[in-house]
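[1] would you be able to build a 3D model of this:
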Amino acid sequence: MCMEQYYRLFTSYRVPGIKKDSLISNNSKLLPDPEHIIVISKNQYFVLDVIINFTRLSEEDIYTQLSRICKMAEENKDDVDPVGILTAAYRDKWALARGKLMEESTNRDSLDAIERSIFVLCLDTAAPVIPSHQNSINTISSVRDDVSLASQMLHGLGTHINSANRWYDKTMQFIISEDGACGLNYEHSPSEGIAVVQLIEHLLKYIQTCCIRCPSSVVDNALACCTRLSPLRPEFDPRDQQWWYVIGEEVRKKLARMQSLCELPQPRRLQWKINKDTETDIKEAIENIDRLIKDLDLFILRFKSFGREFPKSQNMSPDSFIQLALQLTYYKIHGKLVSTYESASVRRFRLGRVDNIRANTPDALEWIRAMVGEIETTDVEKMALLRKAMQCQTDIMTQTILGHGMDCHLLGLREIARENGLPMPKIFEHESFRISNHFSLSTSQVPTTMDAFMCYGPVVSDGYGVCYNPHPSWILVCITSFKRHNDTNSDHFAYTLESSLLQMQELCLKTSEAKPILYGGKTHSENRNGAIVDDKEMSAGTRKSRLVRQRTMPFPEVIGKDS
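    Numbering: from 1, shown residues only. Predicted coordinates for the structure are as follows:
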């Protein structure tokens, strides 16, 4: 497996351009590794050196520095230009605005410090508890729900709250809120979710071995937000009148670090020189991001009737099962199938990222028409069609992860023509090519071992973004769409998906004891991965799964822009 993505997580930065952006990675051995992070608090930017004299700061020293930063930010909160919101503007406008900023040496120094940092830490203000269409609060305990928490990580809930407390071009932005909410916003260009998830789950497992101290004012919210990750035990220390959260029972002995310094250098606030043109750019960026936030329709479904173990019990691939459920759901709502994107890892090739598994197949359509009653069939025949569609889905997945997918191949041919000034082949100008690449259903499986999840927005104005996380006994699905499009509605899609999953479960249970069936004039049986095969081709003693499962990785990284 190619590991290149892992090296870019803390060394890369996305630089805006007029025609296209550039991805800058500090992989040169000639340049020193960065030794600082950027901390953002109340829309202000601070340089925090985490390595001093070739030695890492201890946790206590880092806590001291973060406390200083919070105090400095509070003292200056009323006189701040929210420069970071420019990174949320349209890319060409941000490129022009960045050019204006670079005219001042003070701004160049600040931009350089941000771009060379290891990562960004966003210290957010507590978000107001406002109910949404999903009742985003528990009316009894006033605890924020998944939609509220995910929205904060995805876009900051608006410029009047935390949207300007970001720098969206930086690959990794860790977000910690005053009310205990925590998550990650990551820029998608350098890496897929696979690398980010493994990093986050390693981090969460490390946290479980640590003892974390919190002010008593955030005990209730922190407990409510964090107990999904691991059990917390609050303990009160009468010596300093503070609460301690004990996560796990192990003592922190993971890494050898320096002893506390007698004196730590004061964190440095980054300075900006803003002219009237930049003020106008900031105002436009604020209006733009607030409009997009209001337009985004996010719904998070926790489907608890069954999880990935049920499809397995029926000798089916959980991923194929969910993908076909999504196709059935879309057809129920819109009466048609559309181009569907499901990411498939091709990391077995050098510098490989992803290709596309297209789930909207003719076999899927035939099964769906039977399920909605457009074709008169028995339950056994519906199951045969489901098995057939599932085998088609599995075959496409296998071909794609082995490098035989068509999307990356066509993309490469198109870019070769552009870069070499060759006439563009007619296929890329045909209407069918445009339709095939208009992904009204953009999906991805992001499994995690913990109760954490990832979400992202749709890739077209009339589409859905669907990120699903199948656990053993339940499934979490994050669904997004745009409110401006009258035909899409995230909560309606979620409830229809729930009914589709239950309908498929009912079909499986009804036919689980069925005898071999007649399909296409031949007697068929089912093999272990849910395929229909000729009995003559595969004997009972040699039936083996041909399913090559894609190891797309997990996470709740609440990711940022995917452009």
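[2] surely residue 76 meets residue 44?
    Yes: under the criterion of CB atoms under 8 Å, residue 76 makes contact with residue 44 at 6.5 Å. Placement of C-beta: from N, CA and C, glycine included.
[3] now the common contact residues for the two.
    When contacts are counted by CB atoms under 8 Å, 6 or more residues apart in numbering, residue 76 and residue 44 are jointly contacted by residue 269.
[4] which of the two has more neighbours?
    In terms of neighbours (other CB atoms under 10 Å), residue 44 is the more surrounded of residue 76 and residue 44; the figures are 24 against 13.
[5] tell me what that one is bridged to.
    Judged by DSSP bridges, the bridge partners of residue 44 are residue 41.
[6] roughly how far apart are it and residue 148?
    25 Å (CB to CB, to the nearest Å).
[7] same question, residue 160
    From residue 160 to residue 148 the distance is 15 Å (CB to CB).
[8] more neighbours: the two, which one.
    residue 148 (22 against 11).
[9] does the more buried one touch residue 129 like I think?
    Yes: under the criterion of CB under 8 Å, residue 148 makes contact with residue 129 at 7.3 Å.
[10] quick one: contacts for the closest residue to residue 492 other than its chain neighbours?
    The shortest distance from residue 492 to any non-neighbouring residue, by CB to CB, 6 or more residues apart in numbering, is to residue 333 (6.9 Å). Counting by CB under 8 Å, 6+ apart, residue 333 touches 492, 493, 496.
[11] tell me the buried residues in the strand or helix carrying the first one?
    The one in question is residue 492. If you go by DSSP states H and E, residue 492 is part of helix 490-511. With burial defined by 16 or more other CB atoms under 10 Å, the residues of helix 490-511 counted as buried are 490-491, 493-494, 496-498, 500-501, 503-505, 507-508, 511.
[12] and if you look at stretch 312-328?
    314-328.
[13] starting at the chain centroid, how far to it?
    21 Å (CA atoms, centre = their mean, to the nearest Å).
[14] quick one: low-confidence ranges for the stretch 201-350 of the chain?
    211-262 (pLDDT under 70).
[15] need the helices for it, in chain order.
    Secondary structure of the stretch 201-350 of the chain (DSSP state H, counting those that start in this stretch): helices at 219-226, 276-295, 309-313, 318-334.
[16] who's in contact with residue 113?
    With CB under 8 Å, 6+ apart, residue 113 has these contacts: 36, 38, 45, 47, 270.
[17] just to be sure, the second one is in a strand?
    Which is residue 38. Yes: assessed by DSSP: H, G, I helix; E, B strand; the rest coil, residue 38 belongs to a strand.
[18] re earlier: packing partners of the helix holding residue 492?
    Helix 490-511 sits against strand 296-303, helix 318-334, helix 379-399, strand 464-470, strand 475-482, with contacts defined as 3 or more CB pairs under 8 Å, 6 or more residues apart in numbering; DSSP states H and E.
[19] what sits up against that helix?
    For helix 490-511, using CB under 8 Å, 6+ apart, the contacting residues are 133-134, 297-299, 301, 303, 305-306, 310, 314, 316, 321-322, 324-326, 328-330, 332-333, 371, 379-380, 382-383, 386, 464, 466, 475, 477, 479-481.
[20] may I have the beta-bridge partners of the spatially closest residue to residue 72 that is not a sequence neighbour?
    Distance criterion CB to CB, 6+ apart; nearest residue to residue 72, sequence neighbours excluded, is residue 269 at 6.3 Å. Beta-bridge partners of residue 269, counted by DSSP bridges, are residue 46.
[21] need the contact list for residue 269.
    Residue 269 touches 44, 45, 46, 72, 76, counting by CB under 8 Å, 6+ apart.
[22] what do you get if the cut-off is 10 Å, keeping everything else the same?
    39, 41, 44, 45, 46, 47, 69, 72, 73, 76, 110 (CB atoms under 10 Å, 6 or more residues apart in numbering).
[23] what's the closest of the residues you listed to residue 19?
    residue 110 (25.4 Å; CB to CB).
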